[in-house]
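Peer 1: Kindly return the folded structure for what I paste below:
(chains A and B)
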Amino acid sequence: MVEKTEVVHRDYDSVDQIPELVFRALCMLNFLILLYVALLTYHALWGYVNEGAALEFLLSAGRVPPMAWKYPVTVMMLYVSLQLLLSLECNNHPELVVKLILEFGIAIGISYMTGFGYTGMIVLLLADILRYTIDWKKRALYIVAVSVFYLFMNGNIVQSWINVVPLGKIWKYYRADHQERLLGILSMLALINMFLFIFYMVIMALAQMSEKERILILNNELKVANIKLEEYASESARMAETRERNRLAREIHDTLGHSLTGIITGIEACIMLMDVAPEATKEQLKAIAEVARTGIVDVRHSVKALHADALETMDLEDALLKMIDSTTRSTGVRISHSFRVDLNHFNQDEEDTVYRVVQESITNAIRHGGATKIHVEIFSDEGELHIIISDNGKGCSSVTPGFGLHHMKERVEMLGGTLKYTGSDGFMIHAVMPIRWGKEAEEGSQFPQNQEGQRNL
Amino acid sequence: MDLSFFKTRRFRLLVSLLTAFAAIFLITGQYRSIPTSKGKVITVGVFSDSYWDVQNGYAYKILDDAIEKFERAHPDVKVEYVSGIMKADYSEWLSERMMNDAMPDVFFILGDDFSTFARIGALKDLSSLIVRDEEFDPLAYYAAAYEAGSYGGRQYALPFECAPNMMFVNKTILDREKIELPDRNWTWDDFYAICRRATRDTHGTGVIDQFGEVSYTWKDAFDANGVVLFDEKGKNCDFTVKEIGDAITFLEKLNGLDSGYAVSERNFSQGNVVFQPMLFSEYRAYKSQELSIKKYSGFEWECLTMPAGPSGDNYSRLDTLSIAMSEQTTEKEYAWAFIKLLTSDREIQSEIFDYSAGISVLPEVTNSDETRRRITQSTGTPFNMSVLESAMEKTVTRTRFRGYDNALEEVGIAVSSILDSRSNIQMEQIIWNRTINNYLKTLSRDE
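Peer 2: Next up is the predicted model:
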């Protein structure tokens, strides 16, 4: 039965285990005392019957004593019951009061069985009350109630009201000196019980004092942490600023840089064409104007929301196609593409990244590689999105990543992906990033709402 | 399987309460009311020899007949008893059964044990059963016999068999001394006068060898003089009253006749004493043909009512064998029915005159012509029934309370001390009054 208490309370007192241990020791001690009383009483009663002194005993006891083997069994059963009650934790005062009343009832039962010769299990009730963190006024009330009860239960007062056979009378079965000794052991055990209880109280008080100290220390720590937190907050603001500045730089590079590159390339072509084919030059200039206009729009957007261009109004696939088309028209570079995955319904940052990677790669291929053919390939494989942009440009044996490449890599890595490039045969950029809902995207995107929902998770 | 339920508060509370209830169920013996395959069984506690110490070999005859009759009326109930327990061991046997929580449902209870067992709470209070049972009539019993089963104002037992205390008279001596047999209303004066005349040295050896009475105790004298020693609850005793003084004076006078010779009951059976109080059962036993040669055979004898004191009447004490129900019984109704059968069934009660030495507790049975015929038949002499009748009319009972026997012992000590001291009786009465009341106070304190 003690085991059960242990199980219940093992994680009960997280602050300090010592009072809990003492409480268990109290439970154990009371168990032993009751066992001692019950077995001795049982033996004495058995002895009376066995030696044919039953009538004599009844005459002197003046009461039908506890019954034979049922006596120890009943005492132990009641004690088990009490232990189970003690193991119950209460959430409010009515519960606690009901629990206390039940415990009282059982404690009276046990005491009655021992002829009110041992009532020490009441301290278990007291000890149990002390375990609750309730305000001291109410706790005092409980303690006073239990103590008054304890006083009344003790010894001779009750024996004068309730007809019980005192233990001393039953134990008269033993020789006078032995009986004295046995009763002495009982009162000694009762005293140990009291001492243990006092020890428990002291430990409990100490634990509560150390708890207060702990709270003070924690308070100080909290203050320090608070100050640090404020520092962190301002630093974080600074960092956000920096990040924003970087993003601005990126945006300018992405939008203006791209448009200007297109315009410069276009104008260079115009210069060469102007004399040969004025008509074509006119066409070219119109395309350049278109690029410039797009650039202006991009800049406006960037300024307004610092956010990507075409994606603003179109979904990713359309935006990519539009970009490829306008680039082809303004530069005359042949750009082929193969999108083997549904490009829509990506997350915003993913869309941005895909768009920027394609845009930047094309820009690089035209500007640095002088490519005339570019191939854009997007597909998904094993939950990852692959973007490959290859060209027939100059390539290079060793790549010195510029701002654009570096920025691209940064973006991909932010999404947990990798970016590889090689300049051995033309130039090829290979970006791989995990798709958060790639499968659904592959299988069809009839349930965008659902995907949206999952994402939010 | 999800074990978390077994760790919940509700589960532990449930187990706790169940355990507590089981414990109460166990200790109060309620579990015995659970029906078993054995069916309903009533156990009876009974001793194998005669309550009146008159062995006749019919120990279980009445009980067996009662059981047969009972089982016929209640076919679903069996009645069992353990045979072979002697009367001398019976109280101890009952005590042991009680301590082993194996009390018989119904048991005979000796007159001396009654107050002890009632005091320790071993007997069921029958009062509520009596009130509820319309067939049952307490007035059908001799009042004194019925009273013998009451304790502290509650009825704990019903009488089965009784015998009044009567005065046995050696008619041979009376004839020799030419003294007339006193009538039923004789008094202390008659008693004393006869004793004085009979007490003498018949052989001329200088030693008194014929005596007036033996075993006439202070209790007989107190009863005869209508002394009520204690109040209802045994809290007070008025030992200073005149009746007590008169009784003691009379005893002193009576004892003075023997000039210090310690008369014993042996003297009576040898035919040297005129009077000895004895239970009526003795009369029936030794008047019967089988036993008449065993005792009191050398002289003619008769029984008489007890002599009346000046303030009292020809009161007799009544010795009663009662039947009680165990406090722990679970078959209350059947036990009650069986007790009723034993104590108030005319057929069973009339068997007492065939197989036992006492008399029936029902006046209707005892006073019937049938009974008169049986007694006359068994004793061989025509029996004057009116003596028994008048003795039974004037039987007295004592109000019993906790510690009654001890208190009575205390009074006994007082009386013998006063008789021995030969100083002023009234003074002694006042002194002893205080002692006895102090003793009663300690008794009620112990309660």
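
Peer 1: just checking, residue A:124 touches residue A:25?
Peer 2: No: Residue A:124 is not in contact with residue A:25 according to C-beta atoms under 8 Å; the separation is 11.2 Å. (Glycine included, C-beta is placed from N, CA and C.)

Peer 1: Which one's more surrounded, those two?
Peer 2: Set side by side, residue A:124 and residue A:25 show more neighbours around residue A:124, with 23 against 15, by other C-beta atoms under 10 Å in any protein chain shown.

Peer 1: what's the neighbour count on residue 65?
Peer 2: By default, I'm working from chain A. As a burial measure, residue A:65 scores 22 neighbours (other C-beta under 10 Å).

Peer 1: you looked at the wrong chain, it should be chain B
Peer 2: Count around residue B:65 with other C-beta under 10 Å applied: 16.

Peer 1: Can you tell me the element it falls in?
Peer 2: helix B:61-73 (DSSP states H and E).

Peer 1: okay, now residue B:322: neighbour count?
Peer 2: Here the number of neighbours of residue B:322 (other C-beta under 10 Å) works out to 27.

Peer 1: What pLDDT is listed against it?
Peer 2: Residue B:322 is assigned a predicted lDDT (pLDDT) of 93.

Peer 1: List the residues that contact it.
Peer 2: Applying C-beta atoms under 8 Å, 6 or more residues apart in numbering or on different chains to residue B:322 gives the contacts B:108-109, B:111, B:114, B:148-149, B:157-160.

Peer 1: Return the residues in contact with the nearest residue to residue A:145 once chain neighbours are set aside.
Peer 2: Sequence neighbours aside, residue A:100 is the residue nearest to residue A:145 in space, at 7.7 Å (criterion: C-beta to C-beta, 6 or more residues apart in numbering or on different chains). By C-beta under 8 Å, 6+ apart, the contact set of residue A:100 is A:125, A:129, A:142, A:145-146.

Peer 1: Residue A:100 should be in a helix, yeah?
Peer 2: Yes: note on residue A:100: a helix contains this position according to DSSP: H, G, I helix; E, B strand; the rest coil.

Peer 1: Look at residue B:34 and say how many residues are nearby.
Peer 2: Neighbours of residue B:34 using other C-beta under 10 Å come to 8.

Peer 1: Kindly check the end-to-end length of stretch A:363-379 for me.
Peer 2: Chord length of stretch A:363-379, first to last residue, is 21 Å (C-alpha to C-alpha, to the nearest Å).

Peer 1: near chain B, which residues of the stretch 151-300 of chain A show up?
Peer 2: When proximity is defined by C-beta under 8 Å from any C-beta of the partner chain, the stretch 151-300 of chain A lies next to chain B at residue A:163.

Peer 1: for the stretch 151-300 of chain A, what spans make up the helices?
Peer 2: Assigned by DSSP state H, counting those that start in this stretch, the stretch 151-300 of chain A shows helices spanning A:156-161, A:167-170, A:176-252, A:258-276, A:278-305.

Peer 1: With the stretch 251-400 of chain B instead?
Peer 2: Counting by DSSP H, counting those that start in this stretch, the helices of the stretch 251-400 of chain B are B:265-269, B:280-287, B:332-344, B:346-350, B:352-355, B:363-366, B:369-379, B:385-393.

Peer 1: Just list the residues touching residue B:166, thanks.
Peer 2: B:277-280, B:283, B:303-306, B:316, B:387, B:391.

Peer 1: which one among those gets closest to chain A?
Peer 2: When the contacts of residue B:166 are compared for distance to chain A (C-beta to the nearest C-beta), residue B:279 wins out at 23.5 Å.

Peer 1: who does that closest one bridge with?
Peer 2: On the basis of DSSP bridges, residue B:279 is bridged to residue B:165.

Peer 1: For the stretch 51-200 of chain B, which segments count as strands?
Peer 2: Along the stretch 51-200 of chain B, the segments classed as strands by DSSP state E, counting those that start in this stretch run B:77-81, B:106-109, B:150-151, B:154-155, B:157-170.
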